[in-house]
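In: sequence first, then the predicted structure, then my questions.
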Amino acid sequence: MRIRIQNGRIIDPSQGLDTIGDILIEDGKIKEVITQKSKQKLHDKNKDLINRKSCTLDGVSDDCRIIDARDKILIPGLVDMHVHLREPGFEHKETIRTGTMAAVKGGFTTVCCMPNTFPVNDNASVTEFIKRKASQEGYCTVLPIGAITKGQNGEELAEIGTMRKEGCVAFSDDGQPVMNSLIMRRALEYSKAFNVPVISHSEDLSLSEGGVMNEGLLSVTLGLRGSPAEAEQIMIFRDIVLAELTGGKLHIAHVSTKGSVDVIRNAKKRGVNVTAETCPHYFSITEDSVKGYDTDAKVNPPLRTAQDVEAIKDGLRDGTIDVIATDHAPHHRDEKLREFDMAPSGISGLETAFSLSMRLVGSHILTFSQLIEKMALNPARILQIDKGTLGVGSDADVVIIDEKKEYTVESQKFISKGKNTPFNGWGLRGMPVITIYKGKVYEW
Amino acid sequence: MLNNKDLLGIKELSVEEINLILDTAAGFKDVLGRDIKKVPALRGKTTVNLFFEPSTRTRTSFELAAKRLSTDVINFSVPTSSVVKGEGLIDTALTVQALGADFIIIRHASSGVPHLLAKNLNASVINAGDGTNEHPTQALLDAFTIQEKKGKIAGLEIAIVGDIMHSRVAKSNIYCLTALGANVRLIGPPTLIPENLKAMGVSLFHNMEDGLKGVDVLIMLRIQLERQGKGFFPSTDEYSKNWGLTLERLSLAKEDVIVMHPGPMNRGIEIVSEIADGPRSVILEQVTNGIAVRMSVMYLLSGVKR
Amino acid sequence: MSKELMNKKDLDRALTRMAHEIIEKNKGTSRLCLIGIQRGGVYLAQRLAAKIQEIEKKEIPLGSLDIALYRDDLNIRKQQPVVRRTEIPFEVNDLKIVLVDDVLFTGRSIRSAMDALMDIGRPASIQLAVLIDRGHRELPIKADYVGKNIPTSLRETVEVQMEEEGVEDRVTLRKSESVEGKGAE
């Protein structure tokens, strides 16, 4: 099956491309990327040979789908290195099938699923289960992230090597920090043998102390226990120092505060091997969204203040933060419809991430190319996978964006089982309209 | 007219609404002075007391208020175990509504529960205390008592003493009294008074003698003995020595100071008996006023068109 | 469109006559008290009490009664009635109460007032004094003392303004838009 996507604006930071052109796909791989310049050259040379109906410049062929991408943007399929697919164990919240379907709708063709499933993905059998389910029912590439410690209890290292072989691309106890510094040290050291990043959910539990929102005047006036920004900052600092000590590859998950961004920035200046990610909610809304006790705004790390939002944007702009991931955390409606402090934390983010992130381009925090770096190229590089690029020979994971399309977020219509989002009702602009995964076309 | 069908907190009330509730309460206090302390105003309506936390004092006060307005009263005391499991909060509330409740008076250990119910039910939801958020009718009856005794609230020096951080009564009082123009002081150990409350225009005192100078109204809070084990203060003895109300300390306030307490009191810890039972205390009047204020709230809520 | 029914002088003369009638019918002021219905009757009761005191040289007990909580139309009205003060600083048992109101119309307010009084005590008797009787009774209620009888249509309202409210004494007849004038009683 051949596909020719015509006349789109191709933005591929891996090749330094931002130009009008065509993409040719054959057998699930990218066959050719034809930019305007090269088209013009060939056109002049071969005026008679070009058959407009054919997909290739040499030879004639009719079994080819042509997609007109005029006024659209063509980007590599996005890579989300932080999602919770909930399977095995929590299928009422999401399954690999529904989660990957939602991912594809959001423009993601590769997702990395966190291990806090039930059972925890702390051994090769669970990893194998996830991979198998994904290949049978998934709509995109699913790369599992294995647990750092057995049962994610922070006490004993899990079988990192074996899980790596089985297919885990990174390790994390996400949902939990590794509180014990010695264990975190060992994890960073040991991971070097397998050349995998250790992803840290950085939170000092003794300081966050059951907090359900950001600590501040608002948490006092709402009567909700607060988790101070320092609980995140202190742990990030510790993790970075341990990364320096061990030489391991550290990736900081879901950065949410100004203090954290400062710590990471300084570490990078010193040359520490650390990368960091943030999520759309941390640069789009503040703790004010919790007013009225809206559990859809309950997330961990919690929504912070306006200064923190500005600091996250600065961190994205100056490269301190390398990745925008979703931390897609779907929950069942009944679980969220209850007392604020009992409700589970999490936002269902796959289907709104791209549009929310595009606002950074609109407000000149990032160029479009830089946005694709954060959402596709950098995650791929950190995980050392051959994704996030439109280079010839790579998987045909291409997303067609209509940057002018305006729509209103309707959570009830989400493909994900999780309808929990504080962005319901928001008017957004710019969204994927077609996602091609290994040559398979998904449109809606 | 009140603007909303529910009373969730002082934060959600405008100054006009607060004054309306207090003015109307005066009319209801007249009823309580009669032999027949009952009026037919809300005859046929049903009030459900949905108390997820034990409470005799507040529940009885609401029950009396509801009965004096001629409503039918049902008491649901939900056992603690199902609170811990968190099971069926919404389900319980919907069941209660299906039984025909017009008023649901709710007390719960989690902040924000009244708001959740109000969103999902047609009945008027009245917050009788939610977590560490608010206890609005307590603040309203306190304001009513102060106004009765002092003739005004604006410009008064009012001190709240004790565990502000964990006290929903303190929070509601802070919001109410500052909205009505009083100068509010918070007195207590640093671990129990959140610094960021300064942003609400109150002054913080950690030394009780300094804080009590020239005070018109003293609101003493109950010190929760459980806080002792968690590092908030080393012992009730030390607390009492530094922040307990004694006759000596009381003399630093104005001569006509009034002493208030939401109850129940830890006699000898935060307040000595001589003051609690003395001439400056209005603690028992707070109790009577509580019924009038709650009647006022229920009457006014019944008039809000759905 | 409005028409003046009584001016300051008319009002004063009517009240003076009513005061004399009250004293005459009750053969003096023994065990007599005046209770004004909020809001319209309160100032009138005060004035009547003052006049009675002038005539008999005796002070009679004076109170005010709020009837909002006893109304029969609480669920129907658009605007919830304001609850005002009931100040009756004396025992009503075995007293002859003269209820005072400004305008007698359907009679429902008076019914509410009597229910309220019954919950307050057991008076020996209740009499009714009104400044204006405008007809259209819906209950078997009759005034004992009337300032002026004014036949009205349901499209009209009667307004009583008093000096104590900051305006000159005046009774006005106004044509209203709808028949809903009744609810405003």
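Out: Thanks, I have it.

In: any residues of the stretch 201-350 of chain A in contact with chain B? List them.
Out: Neighbours of chain B within the stretch 201-350 of chain A, by C-beta under 8 Å from any C-beta of the partner chain: A:216-217, A:220-224, A:292-293, A:337-342. All C-beta spots, glycine's among them, are computed from the backbone N, C-alpha and C.

In: how does it look with 6 Å?
Out: Neighbours of chain B within the stretch 201-350 of chain A, by C-beta under 6 Å from any C-beta of the partner chain: A:217, A:220, A:223-224, A:293, A:337-342.

In: of all the residues you listed, which comes closest to residue C:139?
Out: Taking C-beta to C-beta as the measure, residue C:139 sits nearest to residue A:293 out of these, at 49.9 Å.

In: which of the three states applies to the closest one?
Out: coil (DSSP: H, G, I helix; E, B strand; the rest coil).

In: what is the burial count for it?
Out: Residue A:293: 27 surrounding residues under other C-beta atoms under 10 Å in any protein chain shown.

In: likewise the one 3 residues further on?
Out: Applying other C-beta under 10 Å, we find 20 other residues in the vicinity of residue A:296.

In: if I pick the closest residue to residue B:75 other than its chain neighbours, what's in contact with it?
Out: Spatial nearest neighbour of residue B:75, excluding adjacent residues (C-beta to C-beta, 6 or more residues apart in numbering or on different chains): residue B:49 at 4.7 Å. By C-beta atoms under 6 Å, 6 or more residues apart in numbering or on different chains, residue B:49 lies in contact with B:59, B:75, B:105.

In: for residue B:241, see how far away the closest residue to residue B:213 other than its chain neighbours is.
Out: Excluding its sequence neighbours, the residue lying closest to residue B:213 (C-beta to C-beta, 6+ apart) is residue B:252, at 5.4 Å. Distance, residue B:252 to residue B:241, using C-beta to C-beta, to the nearest Å: 16 Å.

In: do residue A:318 as well
Out: Going from residue A:318 to residue B:241 by C-beta to C-beta gives 54 Å.

In: just list what the helix or strand that contains residue B:23 packs against, helices and strands only.
Out: Residue B:23 belongs to helix B:15-32 when elements are defined using DSSP states H and E. Counting contacts by 3 or more C-beta pairs under 6 Å, 6 or more residues apart in numbering or on different chains; DSSP states H and E, helix B:15-32 packs against helix B:136-150, helix B:283-302.

In: quick one: secondary structure of the residue in chain C that chain A sits nearest to?
Out: Residue of chain C nearest chain A, by C-beta to the nearest C-beta: residue C:80 (26.6 Å). The three-state label given to residue C:80 by three-state DSSP is coil.

In: what's near enough to touch it?
Out: Shown in contact with residue C:80 (C-beta under 6 Å, 6+ apart): residue B:303.

In: for whichever residue of chain C sits closest to chain B, grab phi and psi.
Out: Closest residue of chain C to chain B, C-beta to the nearest C-beta: residue C:80 (2.8 Å). Here is the backbone geometry of residue C:80 (degrees, to the nearest 10): phi -70, psi 130.

In: what distance do you get for it to residue A:241?
Out: Residue C:80 sits 65 Å away from residue A:241, taking C-beta to C-beta as the criterion.

In: what does residue B:122 give?
Out: Distance from residue B:122 to residue A:241, counting by C-beta to C-beta: 57 Å.

In: tell me the secondary structure at the residue in the stretch 151-300 of chain B that chain A sits nearest to.
Out: Closest approach of the stretch 151-300 of chain B to chain A (C-beta to the nearest C-beta) occurs at residue B:196, with a separation of 4.2 Å. What three-state DSSP gives for residue B:196 is helix.

In: ok, it touching residue A:217?
Out: Yes: Residue B:196 lies in contact with residue A:217 (C-beta atoms under 6 Å); the separation is 4.2 Å.

In: pick the one among the contacts of residue B:49 closest to chain A.
Out: Nearest to chain A, judged by C-beta to the nearest C-beta, of those is residue B:105 at 17.4 Å.

In: sec struct for that closest one, please.
Out: Under three-state DSSP, the three-state class of residue B:105 is strand.

In: circling back: the residue nearest to residue B:75: helix or strand, and which one exactly?
Out: Residue B:49 is part of strand B:46-51 when elements are defined by DSSP H and E.

In: would you mind identifying the next helix or strand past that strand?
Out: Next helix or strand after strand B:46-51 toward the C-terminus (DSSP H and E): helix B:57-68.

In: list the helices and strands that next one packs on?
Out: On a contact count with 3+ C-beta pairs under 6 Å, 6+ apart, helix B:57-68 meets strand B:46-51, strand B:72-77, helix B:283-302.

In: could you check the longest one against chain C for contacts?
Out: No: contact between helix B:283-302 and chain C, assessed by C-beta under 6 Å from any C-beta, is absent, since the two come no nearer than 6.6 Å.

In: now the residue nearest to residue A:227 when sequence neighbours are not counted: phi and psi?
Out: In this structure, residue A:227 finds its nearest non-sequential neighbour in residue A:211, 2.8 Å apart by C-beta to C-beta, 6+ apart. Here is the backbone geometry of residue A:211 (degrees, to the nearest 10): phi -70, psi 140.

In: so what's the residue count around residue A:211?
Out: By the criterion of other C-beta under 10 Å, residue A:211 has 21 neighbours.

In: tell me the spacing between it and residue A:219.
Out: In terms of C-beta to C-beta, residue A:211 sits 8 Å off from residue A:219.

In: hey, what's in contact with both of these two?
Out: With C-beta under 6 Å, 6+ apart, residue A:211 and residue A:219 have common neighbours residue A:226.

In: can you lay out the helices and strands packed on helix B:15-32 as TSV showing mean pLDDT and mean neighbour count?
Out: Listed next are the helices and strands packed on helix B:15-32 as TSV, based on pLDDT from 0 to 100; neighbours: other C-beta atoms under 10 Å in any protein chain shown:
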stretch	mean pLDDT	mean neighbour count
helix B:136-150	98	24
helix B:283-302	96	23
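
In: tabulate those helices (TSV), appending distance to chain A.
Out: Shown next, in TSV, are these (distance: least, C-beta to the nearest C-beta, whole Å):
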stretch	distance to chain A
helix B:136-150	12
helix B:283-302	19
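
In: and the gap between the residue of the stretch 151-300 of chain B closest to chain A and chain C?
Out: As for residue B:196, its distance to chain C is 39 Å (criterion: C-beta to the nearest C-beta, to the nearest Å).

In: same question for residue A:306.
Out: Applying C-beta to the nearest C-beta to residue A:306 and chain C gives a distance of 41 Å.

In: which pLDDT does the model give that residue?
Out: Looking at residue A:306, its pLDDT is 98.

In: ok, now residue B:79?
Out: We have a pLDDT of 65 for residue B:79.

In: which residue is the nearest non-sequential neighbour of the residue nearest the centre of chain C?
Out: Nearest to the geometric centre of chain C sits residue C:101, at 0.6 Å (C-alpha atoms, centre = their mean). Nearest non-adjacent residue to residue C:101, counting by C-beta to C-beta, 6+ apart: residue C:41, 4.1 Å away.

In: neighbours around that neighbour, how many?
Out: Residues within reach of residue C:41, counting by other C-beta under 10 Å, total 27.

In: if we can go back for a sec, quick one: least confident of the contacts of residue B:49?
Out: For those, the least confident entry is residue B:75, with 90.

In: ramachandran angles for residue A:138?
Out: According to degrees, to the nearest 10, residue A:138 has phi -80, psi 150.

In: repeat that for residue B:42.
Out: According to degrees, to the nearest 10, residue B:42 has phi -110, psi 30.
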